[in-house]
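J.: need a 3D model of the following:
(chains A, B and C)
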Amino acid sequence: MIEAVRLEEVCRRYPNGAGLHPVSLSIGVGETVAIVGPSGAGKSTLLSLIAGVFPPDTGRVFLHGRLLADLAPGRELARLVGIVHQQFDLVPQLSVHSNVLAGRLGEWGLARSLLSLVVPQDAALAKRALERVGLLDRWNERTSRLSGGEQQRVALARLLVQNPRIILADEPVASLDPARAEDLLALLTGIAAGEGKTLIASLHSVALARRFFNRIVALRAGLVQFDRPAAEVADDDLAEIYALEDHVR
Amino acid sequence: MTGLRSSRSILTILLLAAFGWSLTSVDWREGVLNVQGTPALLEFLAAAVRPVLTPAFLGRAVAALWQTVAYAVAGMTVALLIGAVLGTLASGALAHRRVARFGEVVGARATLGLLRAIHELVWAWLFIAALGLSPITGVLALGVAYGGILGLIFAQHLADAPTAPLRALQAAGARPWQAFLYGRLPLVLPDLVSYALYRFECALRAAAVFSFVGLGGLGAELQLSLRELNYGEVWTLLFLLIALIVAVDWWSGEVRRRMTT
Amino acid sequence: MSLAAAVILVVLSWLWVIGEDRARGVVLISAQSAEHVGQFIEDLLGIGSPSPPAYLRPDRWAAMAGLAAETLGMSVLAAGLAGAGALALGVFAARTVAFGPLRPSRSPLWPMAFFVTRGAFIVSRALPELLWALLLLFLFTPGTLPGALALGLHNLGVVGKLGAEVVEDLNLRPIQALQRSGARPGQLLAYGIVPSMLPQLLTYLLYRWEVIIRSTIVVGFVGAGGLGQEFRLRMSFFHYTDVTLILLVYLLLVFGVDLVSAGLRRLAR
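T.: Here you go, the predicted structure:
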């Protein structure tokens, strides 16, 4: 198996006791992995560590065999890993195409970036991405005019244009209704399968995780509770990880 | 849907075109740089590090500064008076009958609009032509121009006051003027005070240049020093004015902070 | 405390104003001053003058058109310069850029740029347009350009400070997302910061334009051309019906700009 992501004894602690303590994990190229667990279990921390948003307190993160700390932030990192958030994080005042093409900024110089605000550069690439997410007709729209579900898909199109080898999705469906959530996960896993990308997504719903992903990693209180193929996850396992949450309540 | 985007493009094009046109209003052919001025300018800039600080000049400068402050303060009292009376009328908060209210509002708004439209220095010049040269004319000019601005802002705030507390007062049997004193005014007072303080800062700047219509104050000293090519004195006066504005800015920030917390 | 200080200031100020007024022998409001005002209004209207008043003569109105255009041009130029300056410098004056999460590098240049731009904004705001005009006449020949620059410089501080505050209040998440997809500082500016601050900055600039057009006549007093210079000329020759004409044109300009600015602000939203 070629490793896309390897975590070695990675620790990250917060003053309130949350975080990861410690976690080791190996994910192969092309796998689709769902990270599940109750809120505060460390799902977002895990994804942020893989994305290089902040470094671990101790332990090491490798992406495609390279130590994350050695990768230059910006372009080099952006080619390996990209992340979508539940709040989409688009610039609302920009047009849809500019927001999508922002995924190319790592590849462009300043002059080309400025030109692209007026005359879209690499337009074919952006059109293909928007077509893929079904929003080609909104090409020239101001992003703030789009609904939440549409903005989430624009964020996805930006990621397609950025074209990283590992796609991270932090609670990508948390703010969507159930029907749209299923559409988005189908789109996300379809892209990963079609282009041979590694996909790691954190989810609150285990039902969705079992339907759309091939592997499930369950976190509880910053530790890996279990890690097995989705098909082998039994209902009892799930009861166990969420038991604590009920207990806390 | 795409209308919004295109309206912004229209705006961009309009603004760029307007700016391009505005460049044509400059007479570029005659040469814009004043070549003889360059040595004088360098001399002027060099004087920044050695402002004149002799007791005699500092005494004059502080006296001039005090005159400017007095103009601004006295002018603001006139402005607050005009603004409070006309602003209340223009807000329509006091009238009960619809017809009277319409007349009041329109009349007061038109008056305020006219007072505000003309710059305070233009008012000052007109008043001086009519009444003669005296601090009173400067104070009146400042009061009239700023009274117009304050009145319009006051009226807007009073009219936009939250309605729920007012309705509660009326339900409890309060007459319009009582509802005004106990409801509307206290609701918007912090905003009004804060705006008036900002205007006071502007009034200081305006009073500082009253010398251009023949009145005294900081500007008069500054023009005198400039005419005598005594650049060190000019800098002393400029530093004093900047310090004054910064101090007032700080003071109004403090007052605002204490009113809102 | 503040209230007591304000009351003392008001009393002292009025004492000085009235004392000075007495000393000059003008004496505030008297029967005589009412008479003077009446006479002045008659002069403005041209009552009792044999020739027709200027404000009723079409040829005089036509002569005003050029001056009005010059004044309008000066105000637009001033607003444009202030806006461009604020857009270019406002970013450096934002605490989030100098010290906070938007700081592009650890270089001490960023905090330095913060203090320099903030200081420049304070100075440019503290000096009124007319003083700027007076100082600029060292460097420029009298005309529209020093007038527009003087207006622009004063407003640069006003608009620039607001621009910095807008940057400080920006939602950081979209900008951090851009950073993560590989954008460098210049690109963050073009794709994240400028588009986010532009609508607010533009709206505020259009407000300022209404203020600027009122002040444009005033910089004309020191030789910056336009209606202001003509006003000074006519006042000093006691051509009062021409003064009335200039005031009418001035009011038309001011109210016209108010209307256009309100319309453009609606487009900006």
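J.: worst mean pLDDT across the helices and strands of the chain, which element?
T.: Just going to use chain A. Every helix and strand in chain A was compared by mean pLDDT, DSSP states H and E; the lowest is helix A:235-248, with a mean of 62.
J.: wait, chain C was what I had in mind.
T.: Lowest mean confidence among the helices and strands of chain C (mean pLDDT, DSSP H and E): helix C:31-45, at a mean of 84.
J.: neighbouring contacts of it?
T.: Helix C:31-45 is contacted from outside by B:126, B:129-132, C:26-27, C:48, C:53, C:238, C:240-241, C:243-244, using C-beta atoms under 8 Å, 6 or more residues apart in numbering or on different chains. Where you see a C-beta, it was placed from the backbone N, CA and C, and this is true even at glycine.
J.: buried ones in that helix?
T.: For helix C:31-45, burial by neighbour count (16 or more other C-beta atoms under 10 Å in any protein chain shown) applies to C:33, C:40, C:43-44.
J.: following element in sequence after that helix, please.
T.: The first helix or strand that comes after helix C:31-45 along the chain, using DSSP states H and E, is helix C:58-90.
J.: check the offset of that next one from the chain's centre.
T.: Centroid displacement of helix C:58-90 relative to its chain, using C-alpha atoms, centre = their mean, to the nearest Å, is 11 Å.
J.: which residues does residue 93 contact?
T.: I went with chain A, as the question did not name one. Counting by C-beta under 8 Å, 6+ apart, residue A:93 has contacts A:142-144, C:195-196, C:198-199.
J.: right idea, wrong chain: chain C
T.: Contact analysis of residue C:93 by C-beta under 8 Å, 6+ apart lists C:114, C:117-118, C:121, C:160-161, C:163-164.
J.: restricted to helices, list the residues you listed.
T.: Among those, the members found in helices (DSSP state H) are C:114, C:117-118, C:121, C:160-161, C:163-164.
J.: just to be sure, residue C:142 is in a strand?
T.: No. Going by DSSP: H, G, I helix; E, B strand; the rest coil, the assignment for residue C:142 is coil, not a strand.
J.: the contacts of helix C:31-45, buried ones only, as a ChimeraX selection?
T.: To isolate the buried members of these in ChimeraX, using 16+ other C-beta under 10 Å:
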select /B:126,129,130,131,132 /C:26,53,240,241,243,244
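J.: pull the most distant pair out of the contacts of helix C:31-45.
T.: The most widely separated members of the contacts of helix C:31-45 are C:27 and C:53, with 31.5 Å between them, by C-beta to C-beta.
J.: so for the residue of chain A found nearest chain B, what's the pLDDT?
T.: Closest to chain B within chain A is residue A:142: 5.2 Å, counting by C-beta to the nearest C-beta. We note a pLDDT of 87 for residue A:142 in this prediction.
J.: again, but for the one 4 residues further on
T.: On the pLDDT scale, residue A:146 is placed at 90.
J.: again with residue A:34
T.: The per-residue pLDDT reported for residue A:34 equals 94.
J.: tell me the SS of it?
T.: Secondary structure for residue A:34, judged by three-state DSSP, is strand.
J.: most neighbours of all the contacts of residue A:93, which one?
T.: Most neighbours among the contacts of residue A:93, by other C-beta atoms under 10 Å in any protein chain shown: residue A:143, with 24 neighbours.
J.: below-threshold pLDDT in chain A: ranges please.
T.: Along chain A, segments meeting pLDDT under 70 span A:1, A:238-249.
J.: for the residue of chain C found nearest chain B, which non-adjacent residue is spatially closest?
T.: Per C-beta to the nearest C-beta, the residue of chain C with the smallest distance to chain B is residue C:73, at 2.7 Å. Among residues not flanking residue C:73 along the chain, residue B:25 sits closest, at 2.7 Å (C-beta to C-beta, 6 or more residues apart in numbering or on different chains).
J.: what number of residues lie near the one you found?
T.: Number of residues near residue B:25 (other C-beta under 10 Å) recorded here: 23.
J.: what does it show for phi and psi?
T.: The phi and psi values for residue B:25, taken as degrees, to the nearest 10, are phi -80, psi -10.
J.: so how far is chain A from it?
T.: With distances taken as C-beta to the nearest C-beta, to the nearest Å, residue B:25 is found 28 Å from chain A.
J.: tell me the pLDDT of that residue.
T.: 79.
J.: tell me the contacts of it?
T.: By C-beta under 8 Å, 6+ apart, the contact list for residue B:25 reads C:69-70, C:72-74, C:77, C:144.
J.: pLDDT-wise, what's the bottom of these?
T.: The member of the contacts of residue B:25 with the lowest pLDDT is residue C:144, at 87.
J.: what's near enough to touch residue A:66?
T.: If you count contacts by C-beta under 8 Å, 6+ apart, residue A:66 has them with residue A:80.
J.: that's a strand at residue A:130, yeah?
T.: No. Secondary structure of residue A:130, determined by three-state DSSP: helix, with no strand assignment.
J.: neighbours around it, how many?
T.: 24.
J.: could you do the one 4 residues further on as well?
T.: When neighbours are defined as other C-beta under 10 Å, residue A:134 has 13 of them.
J.: nearest residue to the residue in chain A that chain C sits nearest to in space, please, no chain neighbours.
T.: With C-beta to the nearest C-beta, the shortest gap between chain A and chain C falls at residue A:106, namely 2.1 Å. In this structure, residue A:106 finds its nearest non-sequential neighbour in residue C:182, 2.1 Å apart by C-beta to C-beta, 6+ apart.
J.: over to the one you found. Which of the three states is it?
T.: The three-state label for residue C:182, taken from three-state DSSP, comes out as coil.
J.: residue contacts, it?
T.: By C-beta under 8 Å, 6+ apart, the contact set of residue C:182 is A:74-75, A:77-79, A:103, A:105-107, A:162.
J.: check contacts around residue 168.
T.: In the absence of a named chain, chain A is used. So residue A:168 contacts A:47, A:50-51, A:81-84, A:200-201 (C-beta under 8 Å, 6+ apart).
J.: nope, chain C
T.: Under the criterion of C-beta under 8 Å, 6+ apart, the neighbours of residue C:168 are C:94-96.
J.: let's have those residues in a markdown table, adding neighbour count.
T.: Formatted as a markdown table, the contacts of residue C:168 follow (neighbours: other C-beta atoms under 10 Å in any protein chain shown):
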| residue | neighbour count |
| --- | --- |
| C:94 | 25 |
| C:95 | 16 |
| C:96 | 18 |
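J.: ok, those residues vs chain A, which is closest?
T.: Closest to chain A out of the contacts of residue C:168 is residue C:96 (15.9 Å), distances taken as C-beta to the nearest C-beta.
J.: run through who's touching the one helix or strand the closest one maps to.
T.: Assigned by DSSP H and E, residue C:96 belongs to helix C:95-98. Helix C:95-98 has contacts (C-beta under 8 Å, 6+ apart) with C:91-92, C:102-104, C:110-111, C:113-114, C:164, C:167-168, C:170, C:172.
J.: tell me the residues of chain A that contact chain B?
T.: Residues of chain A lying close to chain B (C-beta under 8 Å from any C-beta of the partner chain) are A:95, A:140-142, A:145.
J.: can you say which of these are buried?
T.: Judged by 16+ other C-beta under 10 Å, buried ones among these: A:95, A:141-142.
J.: of those, which belong to helices?
T.: Using DSSP H, none of those sit in helices.
J.: and the pLDDT at residue C:65?
T.: We have a pLDDT of 90 for residue C:65.
J.: return the member of the residues of chain A next to chain B nearest to residue B:74.
T.: Nearest to residue B:74 out of those is residue A:142 (C-beta to C-beta; 50.3 Å).
J.: that closest one contacts residue A:98, doesn't it?
T.: No. Applying C-beta atoms under 8 Å as the test, residue A:142 and residue A:98 come out as separate, 9.9 Å apart.
J.: would you mind giving the secondary structure of the residue positioned nearest the centre of chain C?
T.: Nearest residue to the geometric centre of chain C (C-alpha atoms, centre = their mean): residue C:212, 3.5 Å. Under three-state DSSP, the three-state class of residue C:212 is helix.
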